[in-house]
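[1] Just to be clear, the model below is a prediction. Sequence and coordinates:
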Amino acid sequence: MIPSSVSRFIPGLHFLRELTPATALRDVLSGLSVAAVAIPIGLAYAALMGLPLASGLYASVLPVVAYALFGPSPRLIVGPDAATCTLIAAALTALGLGTPSLRAEGAAALAIAGGLACFVASYLRLGFVANFLSRPILTGYLTGVAVTLFVSQLPKLTGVEIRTFGIIFPLLELAQKFSRINFSTLALGLIVLIGLRLAKHWIPGIPVAVVAVIASIFLSWSLDFQSHGIAVVGSVPQGMAGFHFPSFDLPFDAFAMSALGIFIISFSSGIVTARSFAAKTGHSIDANRELRGFGASHLVAGLFQGFTVTGADSRTAVCFATGGRTPLVAIVSAATIACVMLFLTEPLAVLPQAVLGAILASASIDLVNIDQFRVLWRVSRTELILALIATAGVIWLGVLAGVVVAVIATMGNLIRLAASPRDALLGSRPGETDIVKLHHDPQAQPIPGCVIYLFESSIVFFNADVFLRRSVMVAHATRDLRWFILDASVMTLADASTLEVLEQLHDELTQRGAILAIAGGHRDFRRALVRSNYLNKIGHEFLFDTPEQAVRTLSQRPVAEL
């Protein structure tokens with residue numbers, strides 16, 4: 001019997017102890033399938049970041065086990081992720097790390113920093129940080145990453161070295177070097193890419209990337225692809241990674257900003273994956289507990305020569321599709337990859353680079369969510385514009401700057417919504433007492449001599465002037481105004497600006513011979529009114545629980561008292 005305190009700290013043990021022989025066998029088979037998908041992806045993403053190829057496999061072993069034990073989602077598989085790896089690649093380049101060994105040190109250091117950030121954020125209960133990148137913004141960001149990732153694979157797919165960065169310049173450079181294209185490499189890459197895309201639609205349950213890797217290794221060995229100018233992976237170190245604390249000499253500010261960006265993107269991407277798959281089983285996700293699971297995987301990755309990992313949608317999808325239920329799937333997957341590293345690295349040496357490029361190019365296409373853009377076009381043009389801004393930020397400014405653009409766009413939209421919230425005038429249907437929004441119900445009518453005004457936000461310093469201007473405008477537009485009822489049902493707090501504009505509204509209404517009444521309001525909002533003595537000015541008798549109560553009480557008072 002595992003103590004509850006241990007289960008809370010290592011939730012994977014709780015899931016593992018519920019295994020039965022039948023579920024264990026199913027999870028073992030599922031784990032083998034996950035490993036088959038993870039191996040080519042790990043190699044491809046390591047190549048993307050300019051790291052030793054073994055790093056991609058290192059990141060698919062111990063970090064996966066760490067999340068399986070410390071993560072709260074039993075069926076979530078972590079691993080290299082397109083957006084996160086693209087951002088890591090950009091960060092390593094921005095930090096001036098050129099050689100594979102230096103980039104490996106930098107990637108490991110960024111993983112350790114990200115792991116520590118996850119634990120600190122979990123302790124401070126900052127799981128809401130995942131909401132800073134809304135789904136539309138993340139959709140736009142991932143689209144920009146997809147374009148960047150696809151273009152970055154052109155050297156592998158064509159055999160042409162490209163020195164420029166961005167989108168337009170690499171394409172122009174490739175056009176200038178058209179005569180240098182190795183058409184054998186291009187043909188191989190296109191065949192694999194087209195095969196991957198067709199298989200995704202026609203046989204989605206088959207790990208075609210694995211078939212492509214095995215087939216290309218066999219063909220490369222038997223036909224000597226290198227003699228035809230087709231670049232291959234080269235030797236991959238045999239054996240598992242040992243414990244290694246990275247050593248590096250980098251400017252702290254640049255390193256910290258890179259680590260922060262990677263933390264935000266990896267956690268946001270991971271939590272979106274976790275929530276998406278949890279919804280399939282009707283479970284909810286605790287973002288703060290996910291932070292601990294991701295933190296453990298990041299730290300282990302950094303200390304054992306890997307790089308930052310996050311929730312991997314393709315590997316998690318395989319887990320679901322093959323009936324996996326518990327963290328045993330991840331553990332078996334990691335053990336399988338470890339066996340490959342111990343005994344089967346020699347065949348990987350002749351794996352063509354073009355195949356890895358095709359796998360990444362296919363992954364980049366999967367990042368583009370056209371359906372989400374269609375939904376935004378129909379539902380919210382504002383969010384569509386924000387998504388396109390995030391896309392353009394990544395494409396034209398780079399992945400690192402694109403993170404900043406995406407976060408600024410998100411925060412800017414939140415501030416815009418909070419600074420100018422929606423409002424409504426309320427009334428009732430003839431013969432009924434329920435208060436409804438006038439613009440929602442064509443049968444509803446204003447109550448004669450009364451304004452019932454709903455401001456759909458708390459009144460705070462950055463929207464106080466908007467509230468006052470709209471309230472006065474409504475009051476001036478109402479003939480024979482006797483009372484102005486503020487529906488405060490959504491107001492959760494109040495600050496000095498709240499009290500100031502309420503007093504100004506009270507004075508304005510008094511000059512017009514009208515009364516200000518307040519209906520509703522949460523505890524902290526009402527507490528602020530009491531502590532400030534504001535109620536002594538307007539009168540405690542004009543504070544009500546609901547707009548209906550306010551209308552019922554005030555309508556019974558003689559006009560002379562008002």
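    Here it is on my side, so go on.
[2] Would you mind listing where the stretch 401-550 of the chain has pLDDT under the threshold?
    The model of the stretch 401-550 of the chain has no residue with pLDDT under 70.
[3] which stretches of it form strands?
    Residue ranges of the strands in the stretch 401-550 of the chain, as given by DSSP state E, counting those that start in this stretch, are 423-427, 436-437, 450-455, 483-487, 515-519, 543-544.
[4] Just send those back as a markdown table, with distance to residue 178 and mean neighbour count too.
    Yep, even glycine has a C-beta here, placed from its N, CA and C like the rest. Output for the strands of the stretch 401-550 of the chain, formatted as a markdown table (distance: least, C-beta to C-beta, whole Å; neighbours: other C-beta atoms under 10 Å):
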| stretch | distance to residue 178 | mean neighbour count |
| --- | --- | --- |
| strand 423-427 | 60 | 18 |
| strand 436-437 | 63 | 15 |
| strand 450-455 | 62 | 22 |
| strand 483-487 | 68 | 24 |
| strand 515-519 | 73 | 23 |
| strand 543-544 | 77 | 20 |
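[5] Identify whichever of those lies nearest to residue 554.
    strand 483-487 (5.3 Å; C-beta to C-beta).
[6] doesn't residue 509 make contact with residue 542?
    No: taking C-beta atoms under 8 Å as the definition, residue 542 is not a contact partner of residue 509, at 11.0 Å.
[7] anything in contact with each of the two?
    Overlap of the contact sets of residue 542 and residue 509 (by C-beta atoms under 8 Å, 6 or more residues apart in numbering) consists of 515, 516.
[8] Settle it for me: which of these two has more neighbours?
    Ranked by neighbour count (other C-beta atoms under 10 Å), residue 542 and residue 509 place residue 509 first, with 22 against 18.
[9] I figured that one was touching residue 475, is that so?
    Yes: if you go by C-beta under 8 Å, residue 509 and residue 475 touch, sitting 6.2 Å apart.
[10] which neighbours do the two share?
    What both residue 509 and residue 475 touch, as defined by C-beta under 8 Å, 6+ apart, is the set 481, 484.
[11] and the strands of the stretch 401-550 of the chain as CSV, adding distance to residue 357?
    Formatted as CSV, the strands of the stretch 401-550 of the chain follow (distance: least, C-beta to C-beta, whole Å):
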stretch, distance to residue 357
strand 423-427, 54
strand 436-437, 56
strand 450-455, 55
strand 483-487, 60
strand 515-519, 64
strand 543-544, 68
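[12] Out of the ones you listed, which is closest to residue 249?
    strand 450-455 (54.6 Å).
[13] ok, the closest one: who's next to it in the sheet?
    Sheet partners assigned to strand 450-455 using DSSP bridges are listed as strand 423-427 (antiparallel), strand 483-487 (parallel).
[14] contacts for it?
    For strand 450-455, the external contacting residues (C-beta under 8 Å, 6+ apart) are 421, 423-427, 435, 437, 446, 467, 470-471, 474-475, 478, 481-491, 519, 547, 550-551, 554-555.
[15] same check, this time on stretch 253-267
    Contacts of stretch 253-267 (C-beta under 8 Å, 6+ apart): 81, 83-84, 87-88, 91, 94-95, 109-110, 113-114, 117-118, 121, 129-130, 132-133, 141, 290-291, 294, 298, 308-310, 400, 403-404, 407.
[16] Sort out for me which of those are in strands.
    residue 310 (DSSP state E).
[17] need the contact list for the residue nearest to residue 147 when sequence neighbours are not counted.
    Using C-beta to C-beta, 6 or more residues apart in numbering and skipping the chain neighbours, the partner closest in space to residue 147 is residue 395 (5.5 Å). Contact partners of residue 395, counting by C-beta under 8 Å, 6+ apart, are 144, 147, 148, 166, 167, 402.
[18] Closest one of the residues you listed to residue 348?
    For these, the nearest to residue 348 is residue 148 (26.5 Å; C-beta to C-beta).
[19] Please identify the helix or strand for the closest one.
    helix 135-152 (DSSP states H and E).
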